[in-house]
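A.B. asks: Please find the sequence and the predicted model below.
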Amino acid sequence: MSNKKLAGILGGCIAVIIAVVAIAALPPPGEADETTAFYINVIPETPEEINEELFFKYSIAGQHFVFLVTITDEGQECELPVSISAQAPGSEVVIYQEDIVEGEVAEVVVIPTQASIGTIIEVTITGNRGSESDEKVVSFEVAEGEDDRQEYAEELLDRFVSWLATNHPELGITDDTVWDGTMVSPVWLVVSHYLFFSEEWEAHIEWHIMVPPDDWARIDLRHRFDELEPSYAFEISSVNATGEPVPTEVPETVWR
């Protein structure tokens, strides 16, 4: 057999082997979409542009600025989770529910330091799944001030919680529920705001700093890790009149 003919036979065999290896390396049917592209969504989007001017949300040193993060798959829904990470120079970052799929909610908590007062904190939130990734950049401003509203906010929370425990036991909120609190919207004066977090719920307390009968207080509740907006809201029309809470209109968005 001539060398030319032998080389041709060997070349054909090699081509067949390469083709077989390539086919074997392909994922089984139905698995090719498991690394489909996605993008992440962040609430709140700050700064917000209004009339071509940027407006930032505020926090103060030592308080928690909580971003809610979700993902949206492009095309077919993927069962593989997206891992959420974040960086915020000048702040501590804590993430709850780091791995999420579509329909779940991660919480990125950014805690600015004293050294960051008067600066803008830039937060880069990244999602990774296999070879796919996406990121969003959000920012907020650190104002000078201290938390002088915690004590009264806790008094209001206790009042709502006692009523909820009796009138809405289905929520699982009782007098024994443990809450961690943080002040939000520190530059707001007439209406004060505070957030509390239990293992299951985010509670936003707001109250009107006025004399009766305009001294109202409200609570709205968001179920953590699967809701982006509140699902319950209640109001005490006059705190000093010792009235009981009543259902009120549920806000369309979370307060930040």
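C.D. replies: Now that the structure is in, tell me what you want to look at.

A.B. asks: Spell out the residue ranges of the strands in the stretch 1-150 of the chain.
C.D. replies: 38-43, 48-50, 53-55, 57-60, 65-73, 82-87, 91-96, 99-100, 106-112, 120-129, 132-143 (DSSP state E, counting those that start in this stretch).

A.B. asks: Throw those into TSV and include mean pLDDT, distance to E249 and mean neighbour count, thanks.
C.D. replies: All C-beta spots, glycine's among them, are computed from the backbone N, C-alpha and C. Output for the strands of the stretch 1-150 of the chain, formatted as TSV (pLDDT from 0 to 100; distance: least, Cβ to Cβ, whole Å; neighbours: other Cβ atoms under 10 Å):
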stretch	mean pLDDT	distance to E249	mean neighbour count
strand 38-43	97	20	18
strand 48-50	91	23	9
strand 53-55	93	25	10
strand 57-60	97	23	22
strand 65-73	97	21	21
strand 82-87	98	32	20
strand 91-96	98	28	15
strand 99-100	98	29	16
strand 106-112	98	25	21
strand 120-129	98	31	18
strand 132-143	98	27	18
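
A.B. asks: of all those, which lies closest to A153?
C.D. replies: Closest approach to A153 among these (Cβ to Cβ): strand 57-60, 14.5 Å.

A.B. asks: List the pairing partners of that closest one within its sheet, with orientation.
C.D. replies: The pairing partners recorded for strand 57-60 under DSSP bridges are strand 132-143 (parallel).

A.B. asks: neighbours of D180, just the number please.
C.D. replies: 10 (other Cβ atoms under 10 Å).

A.B. asks: and it, what does it touch?
C.D. replies: 196-198 (Cβ atoms under 8 Å, 6 or more residues apart in numbering).

A.B. asks: okay, the strands of the stretch 1-150 of the chain in a markdown table with distance to P212 next?
C.D. replies: As requested, those are exported to a markdown table (distance: least, Cβ to Cβ, whole Å):
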| stretch | distance to P212 |
| --- | --- |
| strand 38-43 | 35 |
| strand 48-50 | 35 |
| strand 53-55 | 34 |
| strand 57-60 | 30 |
| strand 65-73 | 32 |
| strand 82-87 | 44 |
| strand 91-96 | 39 |
| strand 99-100 | 45 |
| strand 106-112 | 36 |
| strand 120-129 | 39 |
| strand 132-143 | 30 |
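
A.B. asks: Out of the ones you listed, the one nearest W216 is which?
C.D. replies: Closest to W216 of the strands of the stretch 1-150 of the chain is strand 57-60 (Cβ to Cβ; 23.3 Å).

A.B. asks: show me what contacts the closest residue to N240 other than its chain neighbours?
C.D. replies: Among residues not flanking N240 along the chain, P212 sits closest, at 4.8 Å (Cβ to Cβ, 6 or more residues apart in numbering). If you count contacts by Cβ under 8 Å, 6+ apart, P212 has them with 238, 240-241.

A.B. asks: returning to what we had before: are any of the contacts of D180 buried, and which?
C.D. replies: Buried by 16 or more other Cβ atoms under 10 Å: 196-198, out of the contacts of D180.

A.B. asks: ok, of those residues, which one's closest to I121?
C.D. replies: Using Cβ to Cβ, F197 is the member of those that lies nearest I121, at 20.2 Å.

A.B. asks: Please enumerate the helices of the stretch 151-256 of the chain.
C.D. replies: Counting by DSSP state H, counting those that start in this stretch, the stretch 151-256 of the chain yields no residue ranges for helices.

A.B. asks: so where's it shaky on pLDDT?
C.D. replies: Along the stretch 151-256 of the chain, the model assigns pLDDT under 70 to no residue.

A.B. asks: Strands of that one, start to end?
C.D. replies: Counting by DSSP E, counting those that start in this stretch, the strands of the stretch 151-256 of the chain are 180-184, 191-197, 201-208, 217-223, 232-236, 246-247.

A.B. asks: Of the contacts of P212 - the most surrounded one?
C.D. replies: When neighbours are counted by other Cβ under 10 Å, S238 leads the contacts of P212 with 16 neighbours.
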